[in-house]
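>>> Just to be clear, the model below is a prediction. Sequence and coordinates:
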Amino acid sequence: MTRIGIESAFEVLMRARALEAQGKKIIHLEIGQPDFPTPRHIIEAGQRALDEGWTGYGPTPGFSDFRDAIAEYVSRTRGISVTGKNVVVCTYLPVTLRDHAFAGVPTDPSRCRGSAPPMSGRRCSP
């Protein structure tokens, strides 16, 4: 188990909680866990989505209408031309950035460490 390791953001969270236990005031930015209740309109939208059957996984890059809306917003606010094909919606940025950074990079099996998300196909660092 000692070889598996832990994601560094969770190490920061553990340290932050230890400091809180010592009475220190901490503003948590390490894992994106909000420190406020979910707004009512978000709860209602989630309940509506469940009632409408939105219970499965979406397409890997995100729903095309959502990607198109993001592209339109980026094009309008940044003055550049972006299409939905240029947009990928992800839920966990550190893993996504790592996977994109290592995409196509040959790996050395002797440097295998930790784990990667099941869909990433990566288990070793370059």
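Alright, I've got the coordinates. Numbering: from 1, shown residues only.
>>> Please list all residues in contact with the nearest residue to Leu13 once chain neighbours are set aside.
For Leu13, ignoring the flanking residues on the chain, the nearest one in space by C-beta to C-beta, 6 or more residues apart in numbering is Glu30 at 4.7 Å. C-beta coordinates here come from the backbone N, C-alpha and C atoms, glycine included. For Glu30, the contacting residues are Ala9, Phe10, Val12, Leu13, Ala16, by C-beta atoms under 8 Å, 6 or more residues apart in numbering.
>>> I figured Ile31 was touching Leu13, is that so?
Yes. When contacts are counted by C-beta atoms under 8 Å, Ile31 is listed as touching Leu13 (5.5 Å).
>>> When the two are compared, which one has more neighbours?
Using other C-beta atoms under 10 Å, the more surrounded residue of Ile31 and Leu13 is Leu13, with 18 against 13.
>>> how about the more buried one, what does it touch?
Here Leu13 is in contact with His28, Glu30, Ile31 (criterion: C-beta under 8 Å, 6+ apart).
>>> and the gap between it and Gly53?
34 Å (C-beta to C-beta, to the nearest Å).
>>> burial count for Ile42?
Neighbours of Ile42 (other C-beta under 10 Å): 10.
>>> my bad, should have said Ser64
12.
>>> Then the one 4 residues further on?
Around Asp68 sit 16 other residues, with neighbours defined as other C-beta under 10 Å.
>>> Let me see the contact set for it.
Thr83, Gly84, Val87.
>>> Please identify which of the residues you listed is nearest to Gln22.
Ranked by distance to Gln22 (C-beta to C-beta), these are led by Val87 at 43.2 Å.
>>> mind checking the SS state of the closest residue to that closest one other than its chain neighbours?
With sequence-adjacent residues excluded and distances taken as C-beta to C-beta, 6+ apart, Val87 is closest to Arg67, at 4.2 Å. Following DSSP: H, G, I helix; E, B strand; the rest coil, the label given to Arg67 is helix.
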